[in-house]
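S.K.: Dropping the sequence and predicted coords here.
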Amino acid sequence: MSQGDKFLAIAVRSGKIVPDSRRYALQHQKQLRLNEENVRVGEILKAAGLLTDAGRDEVLVEQQRLRSVRLYRLKRLSPAMPSLMGQKLLVVFFAAIGAGVATRFGVPLDPATGVAGFIALLLVTILEYRALHSATLSLVRSLILCAGVLVLVAFSYSAFTFARLDEIVTLHAASNSEAVHSWLFRVKGALVGLAAAAVTLAGYSVWKFHMLRYTQARLGLMKDVIIRVEAIMREIAKPAEERRAEAIKVVLNGLRNAIRLSLPDRMLRRFTVFSPGKDQITVMYFTPEPSSRSFRLDQVAYPDNAPGRVREAFSAMQATHFPTFLDEEAFDNMIKLAKGVDPRGWRKRYLNFPNRHDFISICGWIYAKRETLFSRDASQCLAYDGRYFEGMKGKGLTNEELSWVTFGSFIGCPVIGPDGDVASILLVAKSRNSTLEAEDLEVSIVASQLIGRVLG
């Protein structure tokens, strides 16, 4: 199987899922395989609400078509395209060969390896981008691979240098002082490389250790939330509606606290200590109002340290902000109007339409499609309605206070009720973009399923 006709590659390329959903599916599949469960990624995405049955079938049809075309062109007679990791390793291998050939023709080692390394980094980033369609994530993954290669090169160079240390004695006996100094420089370089590799591996180990601690803390927190919800639902002396509302509030607060249990999130908070509103989490629970074709914000888990004026702004939003249902026909017409005769740049033209929010919202899309919606940049999401937050600028809030109520990234999950239909919407929003990860998506899906159990 080539990289181009894999299920996830086709799903991302066709826009059925976002790159972070691909990462979530791969991580979840890896966890299931550790438990000796072999589940296809299409089924994982479907169970999480990230892909519908129709979308999965379309991807499978396209996958079958690509494989048929590949066989028709007799590509079986040539070596199959390696996986993404195989392609990256080939790039690194040929870069090393190129640097070696350059040094044979008299090019100094330092510029040869520097140029080869830069070209390899560029090519690896391009390969990652073709698979992930995310420039930031592609660059980060490429740098991680390059860091691993540098650690391996540092160890190899150090071992090679120390294995030939006896030559210093021979050169010193021959009174070749220039060669002796050259070898001493190599030894120093080998020691520096070995120390750098050790520091890099030690830093990576500390990072993974703390990541594991935060993961364990998340598991423990979600376990406590489930126990509290079960205790609330057993209090039969209270009316059922009161118990449901109390249990949902516990889930919202627990989800907010669980997402804050993140090592990258904690590091970002250290950089925003003088501007805390730029890295906050708000969890909202919407219920549909079919009579007005809109959604009501029933409950909100505000940031726990929000100032009073910010809480007032959230309360005003809860009282006056009603996202609309999806009008798919009108939405499709606006997309066609934005594309016009030249589809290039249609997304930017669509986002400039002043009335686009009359036909679509995040809640409306999730409610109509029964899909989980994940966006690392809310401003570029076609369903995001930022008009309300723009309107807050004229209500006396400072820029710092506005940063608390402006959403940069979000995760929206459908809550399936006891009748099998979408009963409500769970929305997790962060004030900074590109900070929600696949792990946050997973815990949000668990919370939406728990609320579904509460409703049932």
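M.R.: That came through, no problem.

S.K.: Tell me which residues touch Leu32, please.
M.R.: 38-39, 44 (CB atoms under 8 Å, 6 or more residues apart in numbering). Backbone N, C-alpha and C define where each C-beta goes, glycine included.

S.K.: Mark which of those are buried, thanks.
M.R.: Applying 16 or more other CB atoms under 10 Å to the contacts of Leu32, the neighbour count classes Ile44 as buried.

S.K.: Make CSV out of the contacts of Leu32 and add pLDDT.
M.R.: Listed next are the contacts of Leu32 as CSV, based on pLDDT from 0 to 100:
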residue, pLDDT
Asn38, 76
Val39, 78
Ile44, 82
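
S.K.: where are the low-confidence patches of the stretch 101-250 of the chain?
M.R.: Residue ranges of the stretch 101-250 of the chain with pLDDT under 70: 110, 131-134, 166-177, 180.

S.K.: If we use 90, what do you get?
M.R.: 101-222, 233-240 (pLDDT under 90).

S.K.: picking that back up, please flag which of the contacts of Leu32 sit within helices.
M.R.: Ile44 (DSSP state H).

S.K.: Could you list the domains of the chain?
M.R.: Listed by automatic domain parsing, the domain ranges of the chain are 3-77, 274-326+361-455.

S.K.: Confidence-wise, which of those is weakest overall?
M.R.: Across those, domain 3-77 has the smallest mean pLDDT, namely a mean of 73.

S.K.: still on that earlier bit, looking at the domains of the chain, spot the one closest to Met85.
M.R.: domain 3-77 (9.7 Å; CB to CB).

S.K.: That closest one: how far from the chain's middle?
M.R.: 17 Å (CA atoms, centre = their mean, to the nearest Å).

S.K.: Reformat the domains of the chain as a markdown table; add distance to Val107.
M.R.: Formatted as a markdown table, the domains of the chain follow (distance: least, CB to CB, whole Å):
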| stretch | distance to Val107 |
| --- | --- |
| domain 3-77 | 33 |
| domain 274-326+361-455 | 39 |
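
S.K.: Among those domains, show me which one is buried the most.
M.R.: Stretch with highest mean neighbour count among the domains of the chain: domain 274-326+361-455 (a mean of 19; mean count of other CB atoms under 10 Å).

S.K.: Name the next helix or strand downstream of the longest helix belonging to the chain, please.
M.R.: Longest helix in the chain, counting residues (DSSP H): helix 177-233. Downstream of helix 177-233, the first helix or strand assigned by DSSP states H and E is helix 240-260.

S.K.: can you list contacts of that next one?
M.R.: Contact partners of helix 240-260, identified using CB under 8 Å, 6+ apart, comprise 218, 221-222, 224-225, 228-229, 232-233, 235, 238, 265, 281-285, 298-301, 303-304, 426, 428, 430, 436, 440, 443-444, 447, 450-451, 454-455.

S.K.: One more pass at 7 Å, please.
M.R.: With contact meaning CB atoms under 7 Å, 6 or more residues apart in numbering, helix 240-260 is reached by 218, 221-222, 225, 228-229, 232-233, 235, 281, 283, 285, 299, 301, 428, 440, 443-444, 447, 450-451, 454-455.

S.K.: and it with helix 177-233, angle?
M.R.: 170 degrees (axes from the mean of the first three to the mean of the last three CA atoms, to 10 degrees).

S.K.: just checking, what packs against whatever helix or strand comes next after helix 240-260?
M.R.: Downstream of helix 240-260, the first helix or strand assigned by DSSP H and E is helix 263-271. If you count contacts as 3 or more CB pairs under 7 Å, 6 or more residues apart in numbering; DSSP states H and E, helix 263-271 packs onto helix 177-233.

S.K.: just how off-centre is the helix it packs on within its chain?
M.R.: That offset, for helix 177-233, works out to 21 Å (CA atoms, centre = their mean).

S.K.: Begin at 5 from now on, thanks
M.R.: Noted, 5 is the first residue going forward, which turns the last one into helix 181-237.

S.K.: got the angle between that helix and helix 267-275?
M.R.: 100 degrees.

S.K.: Could you confirm Thr291 falls within a strand?
M.R.: Yes: under DSSP: H, G, I helix; E, B strand; the rest coil, Thr291 sits within a strand.

S.K.: Next, work out how far apart it and Leu401 are.
M.R.: Applying CB to CB, to the nearest Å, the value for Thr291 to Leu401 is 27 Å.

S.K.: And Pro292, by the same measure?
M.R.: 29 Å.

S.K.: go on, Ile366?
M.R.: For Ile366, the distance to Leu401 equals 22 Å [CB to CB].
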